[in-house]
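Pasting the sequence and the predicted model now:
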Amino acid sequence: MSDIVKCIDCSHHQGDIDFDQVAEAGVIAMIHKATEGSSFVDDKCAANFAAATDAGIACCTYHWLSPGGTAKEQIEHYLDTTNPVPGERMVIDYEQDGCTLDDLHQAIERLLDDPRELQITVYSGHLLKQQLNGSLDALLAEHTDLWLAQYTEGTPTWPTGTFEQWTLWQYSESGTLPGIDDAKVDLNRFNGSDDDLVKWISPCSGRPEPVVRAAVSVAIETDGNVEVLITVNGRLIGRSAAA
């Protein structure tokens, strides 16, 4: 796996960011905090989202789910603030003690009711793993994927009863990058190629599916000077002369 950081997540805590330098360092994707609870708005989100996009970095946003206030109200606050485009990916940050699976379900159900058909990712570490305790949560399994938070060396652990695999893994909260001078930054690894990461984080991409291509080999032997026409599914793709 490449040592070059390809995906970061940011908030107002990172201060002023030079996204041209961030992009030059190899970052191709960013997730930015947008909202928290029922009223907080990250005042750096809009400007950083625009600057990162201008630098060629694919972006999406997250909402920090808080105990207190209904999850539905919190998601409506997020939607009113961000006004996402159809098919945009959003992340529910589910890590604060006091949040329950019922809160998470309410948040997901509100997003599923939105006509823009948003893509939903759940960010969590120990909280979700402890609450699921190895069981299958059908709503999460069918409608979300996992951004795992676990600061460890080697292979991480996650709630495999619900998620067959993690999609994104936040493996460090103490990274440093050119262009981010005022604070440490979270570092993430994507479970796939760079192209898949950009597709995943961008609107309307859905989850990357493996592409399976069948190969057919054909050998032709001819006598004399014969022109060979090569067609696939009725389409001419080449011709040659065999002497």
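Okay, I see it. Numbers count the residues shown, from 1 in each chain.

which ones are touching G37?
W64, S66, G68, G69, Q74, H77 (Cβ atoms under 8 Å, 6 or more residues apart in numbering). The C-beta positions use only the backbone N, C-alpha and C, and glycine is treated the same way.

check contacts around the nearest residue to the first one once chain neighbours are set aside.
In space, and not counting its chain neighbours, W64 is closest to E36: 3.9 Å by Cβ to Cβ, 6 or more residues apart in numbering. For E36, the set of contacting residues under the criterion of Cβ under 8 Å, 6+ apart consists of D42, H63, W64, S66.

Confirm that the second one sits in a helix.
Looking back up the chat, that one is H63. No - assignment of H63 by DSSP: H, G, I helix; E, B strand; the rest coil gives strand, placing it outside any helix.

burial count for it?
Using other Cβ atoms under 10 Å, the number of residues around H63 comes to 28.

wait, isn't it in contact with E95?
No - H63 lies out of contact with E95 (Cβ atoms under 8 Å); the separation is 11.9 Å.

Where does the residue nearest to T176 when sequence neighbours are not counted sit, in terms of helix or strand?
Distances taken as Cβ to Cβ, 6+ apart place K184 nearest to T176, at 6.6 Å, with adjacent residues excluded. With elements taken from DSSP states H and E, the one containing K184 is strand 180-190.

just V122 next, same as before
In this structure, V122 sits in strand 119-124 according to DSSP H and E.

which residues of this structure score low on pLDDT?
Where the chain drops to pLDDT under 70, the residues are 1-2, 205-243.

And the residue nearest the centre of it?
When Cα atoms, centre = their mean is applied to the chain, the residue found nearest the centroid is I201 (4.2 Å).

thought it was touching M90?
No - between I201 and M90 there is no contact under Cβ under 8 Å: 10.7 Å.

Overlap in contacts, these two.
With Cβ under 8 Å, 6+ apart as the test, I201 and M90 both reach C60.

Look at D103 and say how many residues are nearby.
Using other Cβ under 10 Å as the criterion, D103 is surrounded by 22 other residues.

Pull the contacting residues for the residue lying closest to it once chain neighbours are set aside.
Among residues not flanking D103 along the chain, A71 sits closest, at 4.4 Å (Cβ to Cβ, 6+ apart). Taking Cβ under 8 Å, 6+ apart, we find A71 in contact with L65, D103, L104, H105, Q106, A107, R110.
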